[in-house]
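Participant: Only the shape, not the letters, is given here:
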């Protein structure tokens, strides 16, 4: 979003090493987050990182050239995009809003394409179903335990081998559904 107060360039240019590592790990599930953050900070000491190509090169120096179609810097760019656009927070608030708008018997079905999204969908659905999402002992749990919906999919529904063969993009799709209580 060009109107955003903070850009990805700002994050790369200004965040301390530890915060960069946390960002890459949390939003990109990047296994090499600490090493990449250290390389970014080291590079910044000598010269600013002015282009996405330059950042991709830094990541590639840490991780190697990669294999297959996915570039080694993909998860780092994903992490930056998610942070700048507040995508996970937006998803959570949108799900909560939709649940509140459902009529009794109405259903909400969500397909997510990566684990960060799926985790949020699962937790919002659990909370709306009156279940604990903090996973602390019952006597210290502060989850609201208000039942708004019934979870229809205990485990996510995933594509069959046949569907993945016909549509390879379906391999990462996870479907979850809830129904508004009456």
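Facilitator: Good, I have the coordinates. The model shown is predicted, which means the values in this text are computed figures rather than measured ones.
Participant: Tell me the spacing between residue 93 and residue 57.
Facilitator: Computed with CB to CB, to the nearest Å, the distance linking residue 93 and residue 57 is 36 Å. Where C-beta positions appear, they are placed from N, C-alpha and C, glycine not excepted.
Participant: Identify the residues contacting the residue nearest the centre of the chain.
Facilitator: The chain has residue 116 as the residue nearest its centroid, 3.1 Å off, counting by CA atoms, centre = their mean. Applying CB atoms under 8 Å, 6 or more residues apart in numbering to residue 116 gives the contacts 27, 29, 82, 88.
Participant: With residue 156 instead?
Facilitator: 112, 118, 122, 174-176.
Participant: Try it again at 6 Å.
Facilitator: Taking CB atoms under 6 Å, 6 or more residues apart in numbering as the criterion, residue 156 is in contact with 174, 176.
Participant: Phi first, then psi, for it.
Facilitator: phi -70, psi 150 (degrees, to the nearest 10).
Participant: Could you report the pLDDT at it?
Facilitator: Model confidence at residue 156, given as pLDDT, is 97.
Participant: tally of neighbours for residue 72?
Facilitator: 19 (other CB atoms under 10 Å).
Participant: now do residue 15
Facilitator: 19.
Participant: What strand or helix carries the nearest residue to it once chain neighbours are set aside?
Facilitator: What sits nearest to residue 15 in space, not counting adjacent residues and going by CB to CB, 6 or more residues apart in numbering, is residue 23, at 6.8 Å. For residue 23, the enclosing helix or strand under DSSP states H and E is helix 17-28.
Participant: now do residue 108
Facilitator: Going by DSSP H and E, residue 108 is in strand 107-112.
Participant: right, and the helix or strand after that strand?
Facilitator: Toward the C-terminus, strand 107-112 is succeeded by helix 115-128 as the next helix or strand (DSSP H and E).
Participant: residues in contact with whatever helix or strand comes next after that following helix?
Facilitator: Sequence-wise, the next helix or strand downstream of helix 115-128 (DSSP H and E) is strand 149-151. For strand 149-151, contacts defined as CB under 6 Å, 6+ apart pick out 125, 128-129, 178-180.
Participant: And these, which is closest to residue 164?
Facilitator: Distance to residue 164, by CB to CB, is smallest for residue 125 among the contacts of strand 149-151, at 24.4 Å.
Participant: In contact with that closest one, which residues?
Facilitator: Here residue 125 is in contact with 151, 178 (CB under 6 Å, 6+ apart).
Participant: Which pLDDT value belongs to it?
Facilitator: We have a pLDDT of 97 for residue 125.
Participant: how far away is it from residue 145?
Facilitator: Between residue 125 and residue 145 the distance is 14 Å, computed by CB to CB.
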